[in-house]
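Asker: below is the sequence, then the predicted model.
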Amino acid sequence: MWRTKIFSISARNFSSSTTHETPTLYSFLQPSIFALNRPTISQQPPPQIQSSSNNNSLLSSYQITSLESTLQSSLATQNTDEAWKSFKILTSNSTFPSKHLSNSLITHLSALKDIHNLKRAFATVVFLLEKSPQLVSFETIGTLLEAIKYANTAAPAFALIKSMFKNRVFPPFSLWGDVLIEISRKNGGFGEFLQVFSDNCRIALDEKLGFMMPDLAACNAALEGCCCYLESVRDADRVVETMSILGVRPNELSFGFLAYLYALKGLEEKIDELGRLMDGLGFCFKMAFYSNLIIGYIKSGNLKSVSEIILHRLRDNDVESLKFSEETYAKVVKGFLQDGSIKDLAKVIIDAQKLESSSIETNNSVGFGIVNACVNLGLLDKAHSILDKMKAEGSFVGLGVYVSILKAYSKEFRTAEAANLVMEISASGLHLDSGSYDSLIEASMSNQDFQSAFSLFRDMREARTPDLQVSYLTIMTGLTENNRPELMAAFLDEVVEDPRIKVGTHDWNSIMHAFCKVGRLEDAKRMFRRMVFLRFEPNGQTYLSLINGYVLAEKYFSVLILWIEVRKRLSKDVVNVLYFDHNLVDAFLYALVRGGYFDAVMQVVQKSQDLKIFVDKRRYKQAFMETHKKLKISKLKRRSFRKMEALIAFKNWAGLNAGC
């Protein structure tokens, strides 16, 4: 049997250090015992239920029926005091209400969730358990226990279970076990829980009641109480003995609690026994075991053993040892820093890096775990000190140490420092993954630190990172939102020929739109020429951006030049060379009408008719009246016959009076 390999225990009862004399039954009704954690204790005297030994009068059958009827109606109408009064009169005269009424009263009182009525419910159950236990259902007891748990008062819960045991009422462990465990955790009452746990297990074995047997989770809770709260080796050993007798097989968590206690007490032989036993039982994953060992050593101040455990698991090439939790690393950091041992922390990382496989994931390295714990604890300066100490020792600094500090920089928007640190990382021959770059670049753009973003992106390209698209889009979007077309243009020109980046017409359009928006039309035209030179096909949005820019600057001749180019493209016998839609027709017509280029206007009209694009003539009639109201056809006859014909054609199409 597994227990005999470690323990030699004869007694089943727990040590006297964890028990005390049970107070008299109704003393639990005193405010000092039955108290909430919050100061809401009723000042009314506790109700006393008297037994028939102090009362010689008996009730008639009529009186009993009347009182039960009053009790029932009072519960139905929520008249709590009247219901309680009826119950007291009945029980004081050796009469008990029906099982249904008794349980209804207890349930009602428990549901009110105030301390005074909770005392009443408790007193009722304890009284009935002594006088007529068959009247109380397990369901009702469960309801009362839940109310006591809600009130967060421990003593009545333990007293209730003890009263049941005393009166040979044996509830299933599932009815009360979890409630008492939760109450014990909140109130530090594991000594009391262990006594009840022991009594329960003894009864379950003696009476052969399987439903009273605790499961593994409950046994682990008892172990947790012994090891982590009471820190009692003797009590822990007895829980293990009980588990063995019950046939409850321990799991990794069970060994973890014991490991913590033995490390705390410096019981190295027992720790070795635990390790061998886990191997013998076939436990492959021992993370909880080693984590708890570390925590126990830290609490005892044995930092040397902490380092030895971490390095020992690395020497054994134990993959699981690379996955200590953030909580464990946080305790390691706190433990070392209490002694001001920055140097010792750095040494742990240095020694661990020598043993870690080159294929280890960055986030699983010991260096990352320790430095990340510093960062999460708000000790970024300590993290820097570890990094500085490692560099001062001339030691190789693994990527995991850098990554956590970089994440902190990113979170705090210290983007310039992050960019400098990335350059340091690259200079040492290390390279970040694309996700790290993406996060840093996003933080830089959010901080409007564009130069750091560019620097990080260049480093990302030089590191031959395969996926650049996310960070490219982050930079372009950020520059667009901040109206920095000149930076967009320079950035695009720098990366446009990189095959890892998918540059599209929309990227050029964004830059041209931004230039046009701020009136920098020459820059917009330069981008347009550059775009065409690099064989990117302009689309409708390209021309819309340029047209709108030219209209704002009242450069209508430039719109005419654009139309000439678009007309040539539309005339090519190529499907979908340019999608000539309503928006583009509208933009061209409005600009050309205002510019007075009616020949081009009618060309656009003809093309819209060919493509069956609807045109709202009123908009262009209004544009004509605003800009060319005084233009006379007679004047155009002497200048250009063609212009005159175009003007007449436009007026006829728009519905304007030909003679105006």
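Answerer: Yes, it's here.
Asker: chain center to the strand or helix carrying residue 258, what's the gap?
Answerer: In this assignment (DSSP states H and E), residue 258 forms part of helix 252-265. Centroid separation for helix 252-265 versus its chain: 29 Å, with CA atoms, centre = their mean, to the nearest Å.
Asker: would you mind listing the buried residues in it?
Answerer: Within helix 252-265, the residues scored as buried using 16 or more other CB atoms under 10 Å are 252-265. Any C-beta I mention is one placed from the backbone N, CA and C, and that applies to glycine too.
Asker: could you dump the residues you listed to CSV with distance to residue 137 and pLDDT?
Answerer: Shown next, in CSV, are the buried residues of helix 252-265 (distance: CB to CB, whole Å; pLDDT from 0 to 100):
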residue, distance to residue 137, pLDDT
252, 38, 92
253, 34, 93
254, 34, 94
255, 39, 95
256, 39, 95
257, 36, 96
258, 39, 96
259, 43, 96
260, 41, 96
261, 40, 97
262, 44, 96
263, 46, 96
264, 44, 96
265, 45, 95
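Asker: quick check, nearest of the residues you listed to residue 386?
Answerer: residue 263 (24.7 Å; CB to CB).
Asker: how about the closest one, nearest residue that isn't a chain neighbour?
Answerer: Spatial nearest neighbour of residue 263, excluding adjacent residues (CB to CB, 6 or more residues apart in numbering): residue 296 at 2.9 Å.
Asker: low-confidence ranges in the protein?
Answerer: Residues of the chain meeting the criterion pLDDT under 70: 1-57, 317-322, 572-578, 629-641, 657-660.
Asker: one more time with 50
Answerer: 1-33, 35-56, 574-575, 658-660 (pLDDT under 50).
Asker: how about the helices in the stretch 551-660 of the chain?
Answerer: 556-571, 582-595, 598-610, 617-627, 633-639, 641-654 (DSSP state H, counting those that start in this stretch).
Asker: buried residues, the last one. List them.
Answerer: In this case it means helix 641-654. In helix 641-654, counting by 16+ other CB under 10 Å, buried: 643, 644, 646, 647, 649, 650, 651, 653, 654.
Asker: hmm, back to that, who's in contact with the residue nearest to residue 263?
Answerer: 259, 260, 261, 262, 263, 264 (CB atoms under 8 Å, 6 or more residues apart in numbering).
Asker: about what we covered before: any chance of the helices of the stretch 551-660 of the chain in a markdown table, with distance to residue 434 too?
Answerer: Compiled in a markdown table, these are given as follows (distance: least, CB to CB, whole Å):
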| stretch | distance to residue 434 |
| --- | --- |
| helix 556-571 | 39 |
| helix 582-595 | 38 |
| helix 598-610 | 47 |
| helix 617-627 | 49 |
| helix 633-639 | 64 |
| helix 641-654 | 57 |
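Asker: okay, now residue 150: neighbour count?
Answerer: 12 (other CB atoms under 10 Å).
Asker: ok, now which ones touch it?
Answerer: residue 113.
Asker: backbone dihedrals for it, both of them.
Answerer: Per-residue torsions, residue 150: phi -60, psi -40 (degrees, to the nearest 10).
Asker: buried residues, the helix or strand harbouring the residue nearest to residue 263. List them.
Answerer: Here residue 296, judged by DSSP H and E, is contained in helix 287-300. Buried residues in helix 287-300, counted by 16+ other CB under 10 Å: 287, 288, 289, 290, 291, 292, 293, 294, 295, 296, 297, 298.
Asker: of all these, which comes closest to residue 545?
Answerer: Closest approach to residue 545 among the buried residues of helix 287-300 (CB to CB): residue 287, at 58.5 Å.
Asker: my read: the closest one touches residue 324, true?
Answerer: Yes. With contact defined as CB atoms under 8 Å, residue 287 reaches residue 324; the gap is 7.2 Å.
Asker: circling back: nearest to residue 496, of the buried residues of helix 252-265?
Answerer: Of all the buried residues of helix 252-265, residue 496 sits closest to residue 252, with 56.0 Å by CB to CB.
Asker: quick one, strands of the chain?
Answerer: Counting by DSSP state E, the chain has no strands at all.
Asker: show me what contacts residue 291?
Answerer: 256, 324, 325, 328 are the contacts of residue 291 under CB under 8 Å, 6+ apart.
Asker: how close does it sit to residue 139?
Answerer: Using CB to CB, to the nearest Å, one obtains 40 Å as the distance from residue 291 to residue 139.
Asker: repeat that for residue 398.
Answerer: Taking CB to CB, one finds residue 398 at 59 Å from residue 139.
Asker: who has more neighbours out of those two?
Answerer: Neighbours were counted for residue 398 and for residue 139 using other CB under 10 Å; residue 398 has more, 23 against 10.
Asker: my guess is that one contacts residue 367. True?
Answerer: Yes. Residue 398 lies in contact with residue 367 (CB under 8 Å); the separation is 4.8 Å.
Asker: where do the contact lists of those two overlap?
Answerer: Shared contacts of residue 398 and residue 367, counting by CB under 8 Å, 6+ apart, come down to 349, 353.
Asker: if we can go back for a sec, nearest to residue 434, of the buried residues of helix 287-300?
Answerer: Looking across those and measuring by CB to CB, the closest to residue 434 is residue 287, at 29.6 Å.
Asker: can you tell me how far that closest one is from residue 561?
Answerer: Taking CB to CB, one finds residue 287 at 72 Å from residue 561.
Asker: separation between the residue nearest to residue 263 and residue 264?
Answerer: Residue 296 is 4 Å from residue 264, by CB to CB.
Asker: what does residue 63 give?
Answerer: Residue 63 is 64 Å from residue 264, by CB to CB.
Asker: one step back: go through the helices of the stretch 551-660 of the chain and name the closest to residue 154.
Answerer: Comparing the helices of the stretch 551-660 of the chain by CB to CB, helix 582-595 comes nearest, at 74.1 Å.
Asker: report the angle between the closest one and helix 598-610.
Answerer: In terms of direction (axes from the mean of the first three to the mean of the last three CA atoms, to 10 degrees), helix 582-595 departs from helix 598-610 by 160 degrees.
Asker: in helix 582-595, what counts as buried?
Answerer: Using 16+ other CB under 10 Å as the test for burial, helix 582-595 gives 584, 585, 586, 587, 588, 589, 590, 591, 592, 593, 594, 595.
Asker: hmm, the first one is touching residue 538, no?
Answerer: So the one you mean is residue 584. No. Contact between residue 584 and residue 538 fails when scored by CB under 8 Å: they sit 11.2 Å apart.
Asker: overlap in contacts, these two.
Answerer: Between them, residue 584 and residue 538 share no contacting residue under CB under 8 Å, 6+ apart.
Asker: look up how far residue 614 lies from residue 601.
Answerer: Residue 601 is 16 Å from residue 614, by CB to CB.
Asker: tell me which of the two has more neighbours.
Answerer: More neighbours surround residue 601 than the other of residue 601 and residue 614, with 26 against 8 (other CB under 10 Å).
Asker: contacting residues around that one?
Answerer: 589, 592, 593, 620, 646, 650.
Asker: now render the residues you listed as CSV, adding distance to residue 77.
Answerer: What follows is those, written out as CSV (distance: CB to CB, whole Å):
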residue, distance to residue 77
589, 82
592, 86
593, 85
620, 81
646, 95
650, 89
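Asker: between those, which sits nearest residue 233?
Answerer: Distance ranking of the contacts of residue 601 against residue 233, using CB to CB, places residue 589 first at 92.7 Å.
Asker: wait, what's in contact with that closest one?
Answerer: Residue 589 sits next to 601, 604, 605, 615, 619, 620 when contact means CB under 8 Å, 6+ apart.
Asker: before we move on, what about residue 583?
Answerer: Contacts of residue 583 were listed using CB under 8 Å, 6+ apart, and they are 540, 544.
Asker: next, the buried residues of stretch 443-453.
Answerer: Counting neighbours by 16+ other CB under 10 Å, stretch 443-453 gives 443, 444, 445, 447, 449, 450, 452, 453 as buried.
Asker: nothing else from me, thank you.
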